[in-house]
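Engineer: Sharing a model prediction with you, sequence too.
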Amino acid sequence: MAKQYRTLGGTIFDTANYIVLGLFALAAILPFIFVIGGSFASDAELTKRAVILIPETFSLDAYKFVFSTDTITRSIFVSIFVTVVGTLVNLCFTVTMAYALAKRSLMGRNLVLNLVIFSMLFGGGMVPTYLVIRELGLLDTYGALFLPGAINAFNLIIVKNFFQELPPELEEAARIDGCSELGLLWKIVLPLSKPVLATFTLFYAVGHWNDFFGALLYINDPTKWPLQVMLRQIVLLSHAAAGDMSAMDPNFVQPPEQSVKMAVIVVGTLPILMVYPFLQKHFAKGVLIGSVKG
């Protein structure tokens, strides 16, 4: 095989690319390292050093403060429940509606698509949405956190476009073999849709995990607050934490406020960050699928 020689210009271009991409990578990862390092730093070190990547002495005071009561543990389970159930509801409604709208022979298909697009441009607003949720009896229930946004219009259109790009011969062959419409969706379409399903599973899950404004509006019972709302309370009331101070160790030393904030960021980010490696294989392929053809 003939040996390939690189030109001087190509070498300079590649070197410049590596340098620029390396700088962007450092700019993205250094804040995470700074937050993690600062959450383990001691009071004296945080006062002395403006930027901490690796603390000189590790301290768990901030995490002891955050987990001083079972409030945080309970809110983590609430967030996990809302994220899992909400994502399943989102995928179920999005997939079934997108599959129906992907059928060009569906009666009233264009009208429904126009209504979906209309909902992307115009919304009722915060107050009318609150009134609807109240009249439906969803206040102080977990359903208020995922039922109002069960279908994302943009995601629906992307999934619909993906379904339309699947070869029609597969559907015809399945129908000849006696496959029902539901069986066609479950046995043929969904197995071929793993990239797009993984992509929007991640989008929906991250959205539910990070959402705190919905819980702030619709959940009045503190025992039903998800993690993000509880962490917000800790940031606002770092001296009182999220529960009773009497539950703490009497010898407990109050950690610095900045360290508590960094520990809160780590606690709120790490669980959802651990989900990404399991979906990464399909995510890179599926992120642009269905976004070209209409």
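Structural biologist: Looks like it arrived, so ask away.

Engineer: what's the helix or strand for Val112?
Structural biologist: helix 109-121 (DSSP states H and E).

Engineer: So what's the gap between stretch 105-115 and the chain middle?
Structural biologist: Computed by C-alpha atoms, centre = their mean, to the nearest Å, the chain-centroid distance of stretch 105-115 equals 30 Å.

Engineer: List the buried residues for that stretch?
Structural biologist: Across stretch 105-115, burial judged by 16 or more other C-beta atoms under 10 Å covers Leu113. Bear in mind the C-beta positions are built from the backbone N, C-alpha and C, glycine included.

Engineer: How about stretch 118-133?
Structural biologist: For stretch 118-133, burial by neighbour count (16+ other C-beta under 10 Å) applies to Thr129, Tyr130, Ile133.

Engineer: Please apply the same query to stretch 82-99.
Structural biologist: For stretch 82-99, a neighbour-count test (16+ other C-beta under 10 Å) marks 82-83, 86-87, 89-91, 93-95, 97-99 as buried.

Engineer: Just those: which are in strands?
Structural biologist: Among the buried residues of stretch 82-99, no member falls in strands (DSSP state E).

Engineer: which of those residues sit farthest apart?
Structural biologist: Farthest-apart pair in the buried residues of stretch 82-99 is Val82 and Tyr99; separation 25.6 Å (C-beta to C-beta).

Engineer: pLDDT (mean, whole number) over stretch 164-174?
Structural biologist: Taken as a whole, stretch 164-174 has a mean pLDDT of 85.

Engineer: now do stretch 186-202
Structural biologist: Rounded mean pLDDT across stretch 186-202 is 87.

Engineer: quick one on the thing from earlier: can you list the buried residues of stretch 82-99 in a markdown table and add pLDDT?
Structural biologist: A markdown table is the format used below for these (pLDDT from 0 to 100):
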| residue | pLDDT |
| --- | --- |
| Val82 | 94 |
| Thr83 | 93 |
| Gly86 | 95 |
| Thr87 | 94 |
| Val89 | 95 |
| Asn90 | 95 |
| Leu91 | 94 |
| Phe93 | 95 |
| Thr94 | 95 |
| Val95 | 94 |
| Met97 | 93 |
| Ala98 | 93 |
| Tyr99 | 92 |
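
Engineer: can I get the residues you listed in TSV with distance to Leu227?
Structural biologist: Output for the buried residues of stretch 82-99, formatted as TSV (distance: C-beta to C-beta, whole Å):
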residue	distance to Leu227
Val82	9
Thr83	10
Gly86	14
Thr87	16
Val89	19
Asn90	19
Leu91	22
Phe93	25
Thr94	25
Val95	27
Met97	30
Ala98	30
Tyr99	33
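
Engineer: can you tell me which of those are in helices?
Structural biologist: Judged by DSSP state H, helices contain the following of the buried residues of stretch 82-99: 82-83, 86-87, 89-91, 93-95, 97-99.

Engineer: of all those residues, which comes closest to Val229?
Structural biologist: The closest of these to Val229 turns out to be Val82 (C-beta to C-beta; 11.0 Å).

Engineer: Can you give me the separation between Ile158 and Leu166?
Structural biologist: Taking C-beta to C-beta, to the nearest Å as the measure, Ile158 falls 14 Å from Leu166.

Engineer: quick one: which of the two has more around it?
Structural biologist: Ile158 (22 against 14; other C-beta atoms under 10 Å).

Engineer: Helix, strand, or coil at that one?
Structural biologist: Of the three states, Ile158 takes helix under DSSP: H, G, I helix; E, B strand; the rest coil.

Engineer: Equivalent analysis for the one 5 residues further on, please.
Structural biologist: Under the three-state scheme (three-state DSSP), the conformation of Phe163 reads as helix.

Engineer: For it, grab the count of nearby residues.
Structural biologist: With other C-beta under 10 Å as criterion, Phe163 counts 20.

Engineer: Nearest residue to it in space, ignoring adjacent ones along the chain?
Structural biologist: Ala102 (3.8 Å; C-beta to C-beta, 6 or more residues apart in numbering).

Engineer: can you tell me which residues contact the residue nearest to the spatial centre of the chain?
Structural biologist: Geometric centre of the chain, nearest residue: Val206, 0.5 Å, by C-alpha atoms, centre = their mean. The neighbours of Val206, taking C-beta atoms under 8 Å, 6 or more residues apart in numbering as the test, are Ile272.
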